[in-house]
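Visitor: coords below, sequence missing:
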């Protein structure tokens, strides 16, 4: 792993440097070359009866020790779902090792919760009194596992007393990339889950590997006692290749558990989030996380950052608009349904449903328009509104499409993302 953290990303923090270069084995996306227009529209089939995973939400991180808190207006932009709002439904916050900092996370977490978002929490370090140095850095003392579980429960109780019911709490943020925080081996996480996680008072998340390394999560899935005490398999996707997104062992042994992508920025933290068409890479990344990886959530790193979904001025960025094409219309509890995922080169289709409503998110990374012929099985006739983001528009209302016996034609403009809502 040659990735390095960028100190300039976090004002005032010597503790954390995020990745400026993804893992060497994961190629950065390349924008598509000009495509030859198809002679006829390419077929896309959407099958509402073929249900895949339940979607639980989209969102991002707020960390008030490393950067300033979201303002009241920015909370509305992040977690509201009106015009010029992102529609986020997941907030991730830190479990600070210093309890004096816990109150700093309350205001945003409480407002996000009031707006219907799930709030999850991840610790970077236990209290210093519980840790020790070893050859690999810093670790939780084996004799402090019980005290650490109580520390996590104390944070859960503190947030509840301040109006926030945590949806879940993680054992450790990125235990396998712990240059600046606490390291855990897979065996240590399994031990904590077996012996201590049963006492935790909210859902338990593990292991939050920085690169979705299955060597961190396989031991959990293969240990019935540890698995019984975890509710959510959490993962980060820094440098994770698309080929490594599927997880057959989770499909085999993870029944009743949730699969969350709990942190990423993509494709980098160096470019402006408004750089187009690079921002379309975010749309493709979400598509692949949900379709190939079957994740139920997609959670960005900092919500407000120059490379994030919200710019420093509080406005939605191009990357944010690509996230919002999912977040605003694919709401918690929707089910992903089967659709022709890659009907043309550099064209990506995913579909979701709730009751009779069907949401289709279509991405075209080509330099030419893509003409598609959709068939939505077991659907009648309707007029469906659509929204578009491209070089000149953000989440703009676009041409309606008309379904006749579930069939319609739609053109995806060059380098665009379009959401279609069929009621």
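Guide: Received, thanks. This one's a predicted model, so the numbers in the text were calculated from it and none came from an experiment. Numbers count the residues shown, from 1 in each chain.
Visitor: which stretches of the chain form helices?
Guide: When secondary structure is read from DSSP state H, the chain shows helices at 72-79, 106-114, 145-161, 186-195, 214-221, 224-228, 248-253, 280-291, 318-327.
Visitor: Mind checking these for the one nearest to residue 235?
Guide: Residue 235 lies closest to helix 214-221 among these, at 7.2 Å (Cβ to Cβ). Bear in mind the C-beta positions are built from the backbone N, C-alpha and C, glycine included.
Visitor: mean confidence score for the closest one?
Guide: Averaged over helix 214-221, pLDDT sits at 98.
Visitor: quick one on the thing from earlier: arrange the helices of the chain in JSON lines, one row each, with distance to residue 42 as further columns.
Guide: Putting these into JSON lines (distance: least, Cβ to Cβ, whole Å) gives the following:
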{"stretch": "helix 72-79", "distance to residue 42": "36"}
{"stretch": "helix 106-114", "distance to residue 42": "40"}
{"stretch": "helix 145-161", "distance to residue 42": "49"}
{"stretch": "helix 186-195", "distance to residue 42": "44"}
{"stretch": "helix 214-221", "distance to residue 42": "34"}
{"stretch": "helix 224-228", "distance to residue 42": "42"}
{"stretch": "helix 248-253", "distance to residue 42": "29"}
{"stretch": "helix 280-291", "distance to residue 42": "17"}
{"stretch": "helix 318-327", "distance to residue 42": "20"}
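Visitor: With respect to residue 171, which of those helices lies nearest?
Guide: Comparing these by their distance to residue 171 (Cβ to Cβ), the top pick is helix 186-195, with 6.0 Å.
Visitor: So what angle separates the directions of the closest one and helix 145-161?
Guide: Counting by axes from the mean of the first three to the mean of the last three Cα atoms, to 10 degrees, helix 186-195 lies at 70 degrees to helix 145-161.
Visitor: picking that back up, dump the helices of the chain to CSV, plus mean neighbour count.
Guide: What follows is the helices of the chain, written out as CSV (neighbours: other Cβ atoms under 10 Å):
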stretch, mean neighbour count
helix 72-79, 20
helix 106-114, 20
helix 145-161, 17
helix 186-195, 20
helix 214-221, 19
helix 224-228, 15
helix 248-253, 13
helix 280-291, 24
helix 318-327, 27
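Visitor: Domain-wise, how is this structure divided?
Guide: Annotated domains of the chain cover 42-49+337-422, 57-332 [automatic domain parsing].
Visitor: For the stretch 301-423 of the chain, which segments are assigned as strands?
Guide: Shown for the stretch 301-423 of the chain, the strands assigned by DSSP state E, counting those that start in this stretch span residues 335-339, 347-354, 357-364, 370-376, 382-390, 393-403, 407-412, 416-422.
Visitor: Pipe those strands into a markdown table and attach mean neighbour count and mean pLDDT per row.
Guide: Putting the strands of the stretch 301-423 of the chain into a markdown table (neighbours: other Cβ atoms under 10 Å; pLDDT from 0 to 100) gives the following:
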| stretch | mean neighbour count | mean pLDDT |
| --- | --- | --- |
| strand 335-339 | 20 | 98 |
| strand 347-354 | 23 | 98 |
| strand 357-364 | 24 | 98 |
| strand 370-376 | 21 | 98 |
| strand 382-390 | 19 | 98 |
| strand 393-403 | 15 | 98 |
| strand 407-412 | 18 | 98 |
| strand 416-422 | 23 | 98 |
